[in-house]
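1. prediction below, plus the sequence it came from.
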Amino acid sequence: MASDLARKTEEPQAPRIFRPTTKSPLGPVKIASAVSSVAPLLALLAILGILVHQALPAVKYNGIGFFVHNVWHPGNFYLQPVTTNGVLHPAQADYGAWAIIVGTVLSSLIALVIALPASLGAALVVSKLLGPRVRNTLGIFLELLAGIPSVVFGLWGTLTIGPLLSRDIYPIVAKHMPDVIILRWFRGSTGAGEGLLTSGIILAAMIIPIIASTSRDLFAQVPKLTEEGAEALGMTRMEVTTKVTLPWVSAGIIGATVLGLARALGETMAVAMVSGSVLGTLPTNIYSTFNTIAATIVTTLDSALIDGTGLAVRTLAEAALVLMLVTLLANVGARLLVRKVSTTALPVGRGV
Amino acid sequence: MQDLAPRPVEEFSANPPGSSRTVIKVSDLTVGFGRTTIISGVNLTLMQGSIVALIGPTGSGKTTFLRSLNRMNDKVRGYFAGGGILLDDQEVLSDHVDLLELRRRVGMLFQRPNPFPMSIRDNVLAGVKAHGLAKKSEHDRIVRENLERVGLWNAVSGRLHDSPFRLSGGQQQLLCLARSLAVQPEVLLLDEPTSALDPISVEAVEKLLADLAEEITFIVVTHSLAQARRISDHTMFFFDGHLKESGPTAQIFEDPQQPETQYYVSGRMG
Ligand SMILES: Nc1ncnc2c1ncn2[C@@H]1O[C@H](COP(=O)(O)OP(=O)(O)OP(=O)(O)O)[C@@H](O)[C@H]1O
Ligand SMILES: [Mg+2]
């Protein structure tokens, strides 16, 4: 559509008044729009730049090992600091983020696996099955849910949901889950309610409103005429939904999902409260205590400040950089996915 | 909107020469939403292979009537229907009717093209797959056959896997027609199928209907009196929720019996 407009303005016979005003290249509107269009980019670059600058010594000291091993050892502050690779650091300091990278990705994926079907189901029910009054009321609830502070979710998780699940649900699941690939992960010790699955569930509760309310708006945009066409062809309601309604908005749903995923990847407080906060070990099953990058940063920042050489803080900056990278990768992945679904048939969203 | 009292309506048979099988028989049909009756006292018998034009001023109930035939009104709030609609001796309005099969047999083409968000090929096959009408090995043939039937094959044979949304409006409507034809309907309901098309596409669709009319019975709602005259064997004139007059198209246009019909077909109304 934008290109259509552009083409129109280039037409020679277009009335002069509609042409872009090329005469005053530096009008206030132009300057304002130029500034506002580069502002987000500048902000991003600034954040990235500062982060890289902060993290640089840690990157040099931790090296590639940061990504492949699981120790989180700030070193011995009572010994004389040592210099390695030109970086001053406490003796015996050793950092490996593999476990918290895995923890970040896994807890977010669990959250997505729960939240995506739940959100789509809720959005479909709300937009297709319910009358307008119920629809609006539910919509308000969704928005309220989206506004609940994450610390409340975290509290709810550690005080209520976590203990409840680990007492009444997890043991039963663990007992009856067959010892086969993937499902094996649901067996074994179920812990006290703090861990991967509980975090995933809490995260899901936090991102469901995001995905559901976006999806609801998307479903409302699917033309009635198209859905009726499918119905008039003798498709079941299920077929109409899976063949017409969902594909129509798939690009948008991927976008909403990535928004939710980014929120889950970066969620700090709630996860810090229900993860069990262990550092340096990989989860052994889905109930294992673990940690994420964001939660590690917030829970270890205080003690990191004690490190007189500054390495601990700089390592946290490096971890933050990794988190940004993971989020970026998720975005790129989503873009590729959107491109793929768009080429099959989508009427809109090629550039989403 | 109006009272429920049935007004006398003559029975009407669309019965072109050479055909005698009754496809649809509507008797004393009353349809409405909530407490409002929209159409009442409609009687008609439709023979196989006819093209019937539905004309009448806006709001006269043409769409409501059409959508009653394949029960697309069912989910509309407050919808009710009385009387009878027989499709090959089967009561369409019965609770026991298989809606999916009914809609396969009584297809529908809409006012504006409504391709599904899938490839051109999958659009043609959408209904075929939903009803499990053919084996996978026959899909290629079905796609080709139906696209050829609507005269679209040459234009799209090279991009069957492309989006249908890059086709022109007319081509999209033809694709929707191919999609409807692919499930081998007995009756096709068309609600102003050409109102969004350019004259050339209109001509293409009209010619197609004429060609296909031997196998399929068409009921076409149209606001174009000229189109009704051109394509239909029979014409039904709806007025204020009633089937005011019906009969052979020539008769309706040349020698209308009711004053409202006279007024309408002379182009002075609606
Ligand atoms: N869902 C509904 N609830 C209540 N009234 C309705 C509903 N749908 C249609 N109507 C009313 O039924 C009457 C007939 O509408 P219908 O759409 O069948 O007319 P039409 O002859 O198709 O008109 P047009 O030529 O403009 O398409 C109108 O008065 C309309 O307002
Ligand atoms: Mg209508």
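-> The structure has been received and is ready for your questions. Since the model is a prediction, treat every value here as computed from it, not as a measurement. Ligands and ions are numbered 1, 2, ... in the order given.

2. phi first, then psi, for the residue lying closest to residue A:298 once chain neighbours are set aside.
-> In space, and not counting its chain neighbours, residue A:298 is closest to residue A:268: 5.0 Å by C-beta to C-beta, 6 or more residues apart in numbering or on different chains. C-beta: built from backbone N, CA, C; applies to glycine. Dihedral angles of residue A:268 (phi, psi; degrees, to the nearest 10) stand at phi -110, psi -60.

3. can you give me the strands for the stretch 1-150 of chain A?
-> Along the stretch 1-150 of chain A, counting by DSSP state E, counting those that start in this stretch, strands occupy A:72-73, A:82-84, A:87-89, A:94-95.

4. end-to-end on stretch B:213-227?
-> 16 Å (C-alpha to C-alpha, to the nearest Å).

5. buried ones in it, by neighbour count?
-> B:213, B:216, B:217, B:218, B:219, B:220, B:221, B:222, B:224, B:225, B:227 (16 or more other C-beta atoms under 10 Å in any protein chain shown).

6. tell me which of the residues you listed fall in strands.
-> B:217, B:218, B:219, B:220, B:221 (DSSP state E).

7. ok, now which ones touch the first one?
-> Going back to what we said before, that points to residue B:217. Contact analysis of residue B:217 by C-beta atoms under 8 Å, 6 or more residues apart in numbering or on different chains lists B:23, B:24, B:46, B:47, B:48, B:49, B:50, B:51, B:52, B:186, B:187, B:188.

8. identify the farthest-apart pair in those residues.
-> Checked with C-beta to C-beta, the contacts of residue B:217 reach their widest spread between B:47 and B:188, with 14.8 Å between them.

9. one step back: quick check, nearest of the buried residues of stretch B:213-227 to residue A:310?
-> The closest of the buried residues of stretch B:213-227, once distances to residue A:310 are taken by C-beta to C-beta, is residue B:221, at 78.3 Å.

10. for the chain, which segments count as helices?
-> No chain was given, so I picked chain A. For chain A, the helices defined by DSSP state H cover A:2-10, A:28-62, A:98-124, A:132-146, A:150-156, A:162-164, A:170-176, A:196-221, A:224-232, A:237-239, A:246-266, A:269-274, A:293-304, A:311-344.

11. wait, chain B was what I had in mind.
-> B:62-69, B:99-105, B:120-130, B:139-149, B:153-156, B:169-181, B:199-212, B:225-231, B:249-254, B:259-265.

12. for the last one, name the packing helices and strands.
-> Identification of packing neighbours for helix B:259-265 by 3 or more C-beta pairs under 8 Å, 6 or more residues apart in numbering or on different chains; DSSP states H and E yields strand B:234-239, strand B:242-248, helix B:249-254.

13. CA atoms only: put it into CSV for me.
-> The C-alpha coordinates for helix B:259-265 follow below in CSV (Å, rounded to 0.1, in the frame of the first residue of the first chain):
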residue,chain,number,x,y,z
PRO,B,259,-48.0,-3.2,-9.8
GLU,B,260,-44.9,-3.4,-7.6
THR,B,261,-43.1,-5.7,-10.1
GLN,B,262,-44.1,-3.4,-12.9
TYR,B,263,-42.7,-0.4,-11.0
TYR,B,264,-39.5,-2.2,-10.1
VAL,B,265,-38.6,-3.8,-13.5
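
14. what residues sit buried inside it?
-> Buried, per 16+ other C-beta under 10 Å, within helix B:259-265: B:260, B:261, B:262, B:264, B:265.

15. low-scoring stretches of the stretch 151-270 of chain B, by residue?
-> For the stretch 151-270 of chain B, the stretches flagged by pLDDT under 70 are B:268-270.

16. do the same with the stretch 1-150 of chain B
-> Residue ranges of the stretch 1-150 of chain B with pLDDT under 70: B:1-20.

17. give me that answer again for 50
-> B:1-11, B:15-17 (pLDDT under 50).

18. and it, which residues reach chain A?
-> B:70, B:72, B:99-104, B:107-108, B:110-112, B:114-119, B:122, B:126-127, B:130-131 (C-beta under 8 Å from any C-beta of the partner chain).

19. for the stretch 151-270 of chain B, what lies in contact range of chain A?
-> Counting by C-beta under 8 Å from any C-beta, the stretch 151-270 of chain B comes close to chain A at B:161, B:162, B:163, B:164, B:165, B:176, B:179, B:180, B:183.

20. so the fifth one sits right up against residue B:116, yeah?
-> So that's residue B:165. No. Between residue B:165 and residue B:116 there is no contact under C-beta atoms under 8 Å: 10.1 Å.

21. what is the neighbour count of the closest residue to ligand 1 within chain A?
-> Per C-beta to the nearest ligand atom, residue A:224 is where chain A lies closest to ligand 1, at 12.1 Å. When neighbours are defined as other C-beta atoms under 10 Å in any protein chain shown, residue A:224 has 9 of them.

22. state the distance from it to chain B.
-> Computed as C-beta to the nearest C-beta, to the nearest Å, the residue A:224 to chain B distance reads 9 Å.

23. got a list of what that residue touches?
-> Going by C-beta under 8 Å, 6+ apart, residue A:224 touches no other residue.

24. so what pLDDT did it get?
-> Note for residue A:224: predicted pLDDT of 91.

25. ok, now the one 4 residues further on?
-> Per-residue confidence (pLDDT) for residue A:228: 94.

26. who in chain B is up against ligand 1?
-> B:33, B:36, B:38, B:56, B:58, B:59, B:60, B:61, B:62, B:63, B:64, B:76 (C-beta under 6 Å from any ligand atom).

27. let's see it at 5 Å
-> Contact residues, chain B versus ligand 1 (C-beta under 5 Å from any ligand atom): B:33, B:38, B:58, B:59, B:60, B:61, B:62, B:63, B:64, B:76.

28. ok, now which ones touch the most centrally placed residue in chain B?
-> With the centre of chain B defined as its mean C-alpha position, the nearest residue by C-alpha atoms, centre = their mean is residue B:189, 1.4 Å away. Residue B:189 makes contact with B:66, B:67, B:69, B:70, B:106, B:107, B:108, B:109, B:219, according to C-beta under 8 Å, 6+ apart.

29. then residue B:239?
-> Contact partners of residue B:239, counting by C-beta under 8 Å, 6+ apart, are B:56, B:57, B:60, B:258, B:260, B:261, B:264.

30. can you rerun that using 6 Å?
-> Residue B:239 makes contact with B:56, B:60, B:260, according to C-beta atoms under 6 Å, 6 or more residues apart in numbering or on different chains.

31. closest one of those to residue A:180?
-> For the contacts of residue B:239, the nearest to residue A:180 is residue B:60 (64.6 Å; C-beta to C-beta).

32. specify the beta-bridge partners of the closest residue to that closest one other than its chain neighbours.
-> Leaving aside its sequence neighbours, residue B:60 sits nearest to residue B:238 (C-beta to C-beta, 6+ apart; 4.2 Å). Here residue B:238 sits in beta bridges with residue B:243, going by DSSP bridges.
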